[in-house]
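Trainee: Next one to model:
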Amino acid sequence: MEIKAKLLEIFNTQQISQSFRKREFVVEFAENPQYPEFVKFELIQDKCDLLDSMKAGDMVNVSFNLKGRKWTDPQGQVKYFNSLQAWRITPEQAAAPAGGGTPPPPAATDEPEWLASGEDDDLPF
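Mentor: Residues are numbered from 1 along each chain as shown. The predicted structure follows:
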């Protein structure tokens with residue numbers, strides 16, 4: 001999944017255990033500008049460094065996975081946890097393809113090449 005959003009907050013990297021670290025950040029996602037969403041993501045392990053060159057206010061593209069976990073507590077109650085785990089963050093201008101982007105789709109009135117070849121078709125239908 002991927003979204004384009006404005007980077008609002010960047011938190012410090014947390015060393016959770018000797019072999020695990022994570023870093024959280026918040027973006028403002030405005031698919032509908034009238035009702036922006038404030039979404040918190042997490043980066044883990046070596047991905048924590050992706051935010052080092054960014055600052056609040058930057059427009060970014062965030063590629064992420066939706067993660068869900070099930071856990072049974074000591075009393076036997078089942079609990080569910082969700083997280084948005086980012087794996088790539090790029091500045092908005094860096095995400096545009098080089099060379100001006102993709103060509104526009106053909107117009108509905110454009111003939112396909114195989115029809116415009118000029119060859120007569122000898123099929124009876």
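
Trainee: got any ranges where this structure has weak pLDDT?
Mentor: Counting by pLDDT under 70, the chain contains low-confidence residues at 94-125.

Trainee: mind redoing it with 50?
Mentor: Residues of the chain meeting the criterion pLDDT under 50: 95-96.

Trainee: And the helices in this structure, which stretches?
Mentor: Here the chain has no helices by DSSP state H.

Trainee: any idea where the strands of it begin and end?
Mentor: 2-10, 14-17, 20-29, 37-44, 59-72, 78-91 (DSSP state E).

Trainee: nearest to L51, of those strands?
Mentor: Of all these, the one in closest proximity to L51, counting by CB to CB, is strand 2-10 (5.1 Å). C-beta coordinates here come from the backbone N, C-alpha and C atoms, glycine included.

Trainee: Now S63: closest residue in space, sequence neighbours ignored.
Mentor: Leaving aside its sequence neighbours, S63 sits nearest to R88 (CB to CB, 6 or more residues apart in numbering; 4.0 Å).

Trainee: tell me the contacts of that neighbour?
Mentor: By CB atoms under 8 Å, 6 or more residues apart in numbering, the contact list for R88 reads 50, 61-63.

Trainee: Please apply the same query to L51.
Mentor: Residues counted as contacts of L51 (CB under 8 Å, 6+ apart) are 10, 23, 25, 43, 89.

Trainee: okay, these in JSON lines with distance to Y35 and neighbour count next?
Mentor: Compiled in JSON lines, the contacts of L51 are given as follows (distance: CB to CB, whole Å; neighbours: other CB atoms under 10 Å):
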{"residue": "I10", "distance to Y35": "24", "neighbour count": "16"}
{"residue": "R23", "distance to Y35": "27", "neighbour count": "21"}
{"residue": "F25", "distance to Y35": "21", "neighbour count": "22"}
{"residue": "L43", "distance to Y35": "26", "neighbour count": "24"}
{"residue": "I89", "distance to Y35": "24", "neighbour count": "22"}
